[in-house]
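Colleague: just the structure for this:
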Amino acid sequence: MPGAEKLAARIREKALALGFDAIGFCPAHLGPEVRERLTDFLANGYHGEMGWLAERADQRTQPTTLWPEASTVIALGVSYAPEGDPLSTLSQPDRGNISVYARHRDYHDLIKGMLKHLAQFVVREGRLDAEAETPEVKVFVDTAPVAEKPLAEQAGLGWQGKHTNLVSRSHGSWLFLGEIYTTLVLPTSTPSGGGCGSCTRCLTACPTQAFPAPYSMDARRCISYLTIEHAGPIPLELRPAIGTHIYGCDDCLAVCPWNRFAQASRQIKLQPRPDLMAPDLVSLSQLDDAAFRQMFSGSPIKRIGRNRFMRNVLIAMGNSGLAELLPHAHRLTQDPDSVVAEAAQWAASRLENRSS
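Modeller: You can find the predicted model right below:
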């Protein structure tokens, strides 16, 4: 398949020129083990309120169920590796910790634009390379029922680690993923090699013990799920372990030993906003809906809304142990939103007990 190999090489070269950090190719087919893992995950209720995982399980676990004409998946990765320790703010009780991926503009917009540029190149080059009809393409980034991590593993970008996220030999646990499905038949990339071995750092680092076993996660206990996807009050027994995480969590990712090979992201648009590196809890607690929307315009944080975000801020305040935050928690016990008011009451009670 010399023609296809040359075409794949040109696509790889173009992808790297566009700013992608990893690229691989694999057939648009996944083995039955992917469906089995998702079935077990759903049967155990580990998905919590994320009903969309069950609604389109067939499409999520088999690319050709989503698009029957697909022949090849081009899996792509963009590094968002941080500079320095992303968990450093956890030692500052008056500051909130925002997940690395949300400290800048919404990555969906950036990667989708890059994918569209590359897809246009694939169509143009595929048309020139093939004597048959024009190839078709579809692009995906996180918002469609696509098994991103199994496809990335199959395409040689890395492997799914014990924390269930993709691990790369070159980029550690810090890759945004995107896919191009195409009707072109392209050669399959070689496996990346590497693995987790006997390491369990990611499992033991989880504050809420969200991993019932290696390679298995109970999202209902995951801080990222609780602070982003979960809409109501956060279970009382899990609140102390959340610490000062106010949007997402990087604990299991940050301790991965493979991160030592990762260079800080080269994407200018993925550089962190200074005001989101270590935001002040008191200032955040004063945001009304309009101020929240203005502050997080263009940020993935905007999606959860002011009330859910304020709930998270209040739990962080309650865990801070700082008596000077008590008046700010008290003020929000009168918030019109019942979930915010309840979180404020919890925070105030916890701070009062600390100060007495």
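Colleague: in the chain, where is pLDDT below threshold?
Modeller: Applying pLDDT under 70 to the chain flags residues 1, 129-132, 355-356.
Colleague: run the last query once more with 80
Modeller: For the chain, the stretches with pLDDT under 80 are 1-2, 128-133, 354-356.
Colleague: and the strands in it?
Modeller: Along the chain, the stretches classed as strands by DSSP state E are 22-27, 72-79, 97-98, 137-140, 159-160, 166-167, 175-182, 245-247.
Colleague: neighbouring strands - and their directions - for the second one?
Modeller: Based on DSSP bridges, the pairing partners of strand 72-79 within the sheet are strand 22-27 (antiparallel), strand 175-182 (antiparallel).
Colleague: how far does stretch 58-74 sit from the chain's center?
Modeller: From the chain centre to the centre of stretch 58-74 is a distance of 22 Å (C-alpha atoms, centre = their mean, to the nearest Å).
Colleague: how about stretch 125-144?
Modeller: That offset, for stretch 125-144, works out to 26 Å (C-alpha atoms, centre = their mean).
Colleague: name the residues of it that are buried.
Modeller: If you call a residue buried by 16 or more other C-beta atoms under 10 Å, then stretch 125-144 has these buried ones: Glu125, Gly126, Ala130, Pro135, Glu136, Val137, Lys138, Val139, Phe140, Val141, Ala144. No exception for glycine: its C-beta is placed from N, CA and C like everyone else's.
Colleague: report the contact partners of the fourth one.
Modeller: Okay, so that is Pro135. Listed by C-beta atoms under 8 Å, 6 or more residues apart in numbering, the contact partners of Pro135 are Val122, Val123, Gly126, Arg127, Thr182, Thr183, Leu184.
Colleague: quick check, nearest of the residues you listed to Ala152?
Modeller: Nearest to Ala152 among the contacts of Pro135 is Thr182, at 16.0 Å by C-beta to C-beta.
Colleague: what sits up against stretch 150-160?
Modeller: With contact meaning C-beta under 8 Å, 6+ apart, stretch 150-160 is reached by 22-27, 30, 34, 63, 73-75, 77, 149, 166-169, 171, 175, 177, 179, 188-192, 194-196, 215.
Colleague: what does stretch 208-225 give?
Modeller: Here stretch 208-225 makes contact (C-beta under 8 Å, 6+ apart) with 41, 44-48, 50, 99, 160-164, 196, 200, 202-203, 206-207, 226, 229, 238, 241-242, 245, 248-249, 251-252.
Colleague: tell me the buried residues within those.
Modeller: Among the contacts of stretch 208-225, those that count as buried by neighbour count (16+ other C-beta under 10 Å) are 41, 46-48, 99, 160-164, 196, 202-203, 206-207, 226, 229, 238, 241-242, 245, 248-249, 251-252.
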